[in-house]
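>>> Predicted model and sequence below, questions to follow.
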Amino acid sequence: MTEGPQPIGAEARRALEKELADLEAERRTVAETLRGSDSDEVGDLADQADELQRADQLHRLDARIEEVTLRLRQGTAAGSAPTDVVGVGSTVAVRFSDGSEQTVEIGEVAVAMDESLVTADSPLGGALLGHRVGDTVTYPTPGGQDTATIVSLGGS
């Protein structure tokens, strides 16, 4: 990938915003379970272990919230995806060697529920980067090399 902040496509942005909302809701729930546990009573070891586990979970949630928030800010700073050449954040219509067509968005992170997101470091995503409409790219598949032709290219 290139240096500096990369654009975020519309689908990837929606996925990150949903993840952020889910993380913040989970954080509130976990934080609520820790409230009121500052009493002077000493609980048994199981209670203490549970509290430590929840505190660790809170730390992990905070770290991921920070990562997602930073990535959203960077995507905003990077502006729109390029429309003349395939880059991160681009929406690309491709025709595969079997004649089928699919529109994909080139993103940094795959989202399990969204089949239209292709990561920039995947075989297809990596092959598409830097190419233009009309270019045919070759990429590895489990069944051997395959090709895809860029039919159209647009921002998000």
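Nice, thanks for sending it over. Numbering: from 1, shown residues only.

>>> Give the pairing partners of the worst-scoring helix or strand of the chain on mean pLDDT; include direction for each.
Ranking every helix and strand in the chain by mean pLDDT, DSSP states H and E puts strand 117-119 at the bottom, with a mean of 82. Next to strand 117-119 in the sheet, as set by DSSP bridges, lie strand 101-107 (parallel).

>>> Report the distance from the partner strand to the chain centre.
Distance, stretch centre to chain centre, for strand 101-107: 14 Å (CA atoms, centre = their mean, to the nearest Å).

>>> repeat for stretch 66-79
11 Å.

>>> ditto for stretch 20-37
23 Å.

>>> swap in stretch 124-132?
Taking mean C-alpha positions (CA atoms, centre = their mean), stretch 124-132 and its chain are 18 Å apart.

>>> Can you get me the start-to-end distance on that stretch?
Using CA to CA, to the nearest Å, one end of stretch 124-132 lies 14 Å from the other.

>>> got the residue ranges for the strands in this protein?
91-96, 101-107, 117-119, 136-141, 144-154 (DSSP state E).

>>> Can you lay out the ones you listed as JSON lines showing mean neighbour count?
Placement of C-beta: from N, CA and C, glycine included. Below are those laid out as JSON lines (neighbours: other CB atoms under 10 Å):
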{"stretch": "strand 91-96", "mean neighbour count": "19"}
{"stretch": "strand 101-107", "mean neighbour count": "20"}
{"stretch": "strand 117-119", "mean neighbour count": "20"}
{"stretch": "strand 136-141", "mean neighbour count": "13"}
{"stretch": "strand 144-154", "mean neighbour count": "15"}
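
>>> wait, residue 141 sits on residue 147?
No. Applying CB atoms under 8 Å as the test, residue 141 and residue 147 come out as separate, 10.1 Å apart.

>>> quick one on the thing from earlier: any idea which of the strands of the chain scores lowest on pLDDT?
The weakest mean pLDDT among the strands of the chain belongs to strand 117-119, with a mean of 82.

>>> Identify all contacting residues around that one.
9, 11-12, 15, 104-111, 124-125, 128 (CB atoms under 8 Å, 6 or more residues apart in numbering).
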